[in-house]
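K.L.:
Fold the following for me, if possible:
(one chain, ligands or ions: 1)
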Amino acid sequence: MFNHLTTLADARLLITGGAGLIGAALASQARSLGAQVIVLDDLSAYDADTYAILGTTRGTPGLTVGDINDRPLIERLTGGSDFVIHAAAYSTVAGCVRNPDAAFAANVAGTYEVLRAAAHARNVQRLVYISSAQVYGHGVAGPDEVQVFTEDQPTNPLNPYAGAKLWGETHTRHLLEAAGVDYTIVRPFSVYGERQIPKPAPGPGWWPSSACTPASVKNCRSTTAGARSATSSTLTTPPTPSSPL
Ligand SMILES: NC(=O)c1ccc[n+]([C@@H]2O[C@H](COP(=O)([O-])OP(=O)(O)OC[C@H]3O[C@@H](n4cnc5c(N)ncnc54)[C@H](O)[C@@H]3O)[C@@H](O)[C@H]2O)c1
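P.N.:
Next up, the predicted model:
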């Protein structure tokens, strides 16, 4: 059976955010398939110990510590790549709500820089943009009150993280189609697995205190941590304008 992944053997693969949970797993898999993996990550999401658990230290071969908004840098790295996986993001829903400047810088402006560079580089054959199931909002009510999510249903982003992801999808189409670069957009739901470490919980005042009764405080803490963690973000209730942010 033809295995598309054999295409990666000896290919130069740039993974933005390649030190994070998903990017590191993809990098590991791609290396095992013989790809020459280049990771661009600013190492902003975790402390050094957590990155080490995920498989990255500052001495990791192929790692460039830098920002996707650094235009000369992203141009140089895409210029030496056959494929690009764009996984870098400020990847927490709650964080993006609390800090929309950072969300815009990483998830909109930074994504633009990656797309722009991939479109201009003559060598990039395909870019994979990691969006999010957050673009669906709450989904559609199905039988038995179970929410249903299908690829062709209308999108309904309910927070700055989701809005930025949808913006990234649209501009992946616009910029890469115009440039003749193939692309794939994926919308993961909650991703979890080996080596995962919860991100730090946000500071006080984020979650409505009325939701945290003594009986439910353990649940509240995990929910709050989940709101901070992209790996649980699709399961948390998006904040409403009245939430104490
Ligand atoms: N984990 C999930 O459940 C999930 C679900 C849906 C979508 N996603 C998306 O998948 C991608 C990877 O998610 P993850 O869980 O691995 O997140 P993660 O936070 O573990 O990894 C993202 C990496 O991007 C890096 N980064 C952030 N801003 C950067 C910048 N400006 N320049 C360079 N690097 C930067 C961070 O330092 C981090 O190492 C993200 O785009 C995220 O939004 C994740």
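K.L.:
Flag every residue of the chain that's near the ligand.
P.N.:
With Cβ under 6 Å from any ligand atom as the criterion, the chain meets the ligand at residues 16-17, 19-23, 40-45, 67-69, 87-91, 106, 110, 130, 132, 188, 190-191, 230-231. Any C-beta I mention is one placed from the backbone N, CA and C, and that applies to glycine too.
K.L.:
Got a quick PyMOL command for the buried subset of those residues?
P.N.:
Buried residues within the residues of the chain next to the ligand, by 16 or more other Cβ atoms under 10 Å, are selected in PyMOL with:
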select buried, resi 16+17+19+20+21+22+23+40+41+42+43+45+67+68+69+87+88+89+90+91+106+110+130+132+191+230+231
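K.L.:
Among the residues of the chain next to the ligand, name the ones in helices.
P.N.:
Within those, residues falling in helices by DSSP state H are 21, 22, 23, 110.
K.L.:
Tell me where the chain has helices.
P.N.:
Counting by DSSP H, the helices of the chain are 21-32, 48-54, 71-78, 93-98, 100-103, 110-120, 160-179, 217-228.
K.L.:
Run the chain-centre distance for the longest one.
P.N.:
Okay, so that is helix 160-179. Relative to the chain's own centre, helix 160-179 is displaced by 13 Å; criterion: Cα atoms, centre = their mean, to the nearest Å.
K.L.:
tell me the contacts of residue 10?
P.N.:
Counting by Cβ atoms under 8 Å, 6 or more residues apart in numbering, residue 10 touches 34, 35, 36.
K.L.:
thinking again about what came up before, now for the ones in helices among the residues of the chain next to the ligand: which two are most distant?
P.N.:
Taking Cβ to Cβ as the measure, these span a maximum distance of 17.9 Å, between 21 and 110.
K.L.:
Which residue would be the closest one in this protein to the ligand?
P.N.:
Residue of the chain nearest the ligand, by Cβ to the nearest ligand atom: residue 20 (1.9 Å).
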